[in-house]
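# Predicted model and sequence follow; I will ask about them next.
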Amino acid sequence: MAKLGIIPARYASTRFPGKPLIDINGKSMIQRVYEQACSSASLDKVVIATDDERIITEIKRFGGDYALTRADHQSGTDRCAEVAANFSGFDVIINIQGDEPYIDPVQIDLLSSCFEDPQVKLATLVKEIHHEEELFNPNIPKVVLNAAQEAIYFSRQTIPFIRNAAPQDWVKTFQFYKHIGIYGYTTETLLKITQLKPSLLEIAESLEQLRWIENGYKIQTRVTDLETIAIDTPEDLEKIVKIKGN
């Protein structure tokens, strides 16, 4: 199966405008994401999907591949779909977050491995939760899995509710998972799900993957033990510079 890695990158951001171009220890964030993705052994090609000439100028500077997209996309998934429709010969699309400059290529390869099963059409990663601050943080989506490691629900709320234990003991009595926001889709499935109308669950939780579940799609997961660090605010940038240092 031929796999195309796509990194959606937009200049506009409510909390951090222009963040793909921010400098992180001598390299722009978008360059760091691109280089990490290109180190994946499972991807046949990597492109950055953007609608902004400033980002394109930066991509050309470091010699990356890009695809110019429309400016009106509502999500990275929609931007990936436009690119996928214009790149023939790829069976699987891996949607790599453009704000995770140190994403580990091992995570990309783990997600890609889901598609060794021809029944898998959609896939993502999850990570075990071991700390209360993650468990009760509404900015960290939680996910419930079935016996086949398929996601059956995502929520910003802590799920499931543990009836017979105090909340401070939940993380000790049940294995909770948080969502790691990297997606894989067969090309055919990606083009289909982006034609679906926003669903009630999606609107309620502001989580697009609920639209797919609500419309009957199965989402295969793999458990990673690697942490991802996303940059959403200038404060996040300060933290990651201190952590990584290079």
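Nice, thanks for sending it over.
# how close does residue 185 sit to residue 141?
Going from residue 185 to residue 141 by Cβ to Cβ, to the nearest Å gives 18 Å. To be clear about C-beta, it is placed using only N, CA and C from the backbone, and glycine gets the same treatment.
# Next: residue 90.
Applying Cβ to Cβ, the value for residue 90 to residue 141 is 28 Å.
# Residue 209 against residue 151, yeah?
Yes - under the criterion of Cβ atoms under 8 Å, residue 209 is in contact with residue 151, at a separation of 7.3 Å.
# Find residues that contact each of these two.
124, 219 (Cβ atoms under 8 Å, 6 or more residues apart in numbering).
# who has more neighbours, residue 185 and residue 141?
With neighbours defined as other Cβ atoms under 10 Å, residue 185 and residue 141 compare such that residue 185 has more, 28 against 22.
# Now for this protein, the helix or strand with the poorest mean pLDDT.
For the chain, counting by mean pLDDT, DSSP states H and E, helix 234-244 ranks last in confidence among helices and strands (a mean of 75).
# hmm, who's touching it?
For helix 234-244, the surrounding residues in contact (Cβ under 8 Å, 6+ apart) are 16, 19, 22, 24-25, 101-102, 229-231.
# What is the burial count for residue 176?
The tally of other residues near residue 176 (other Cβ under 10 Å) stands at 21.
# swap in the one 10 residues further on?
For residue 186, the neighbour count with other Cβ under 10 Å is 20.
# before we move on, what about residue 167?
Residue 167 is surrounded by 12 other residues when neighbours are defined as other Cβ under 10 Å.
# any idea how far residue 132 is from it?
With distances taken as Cβ to Cβ, residue 167 is found 8 Å from residue 132.
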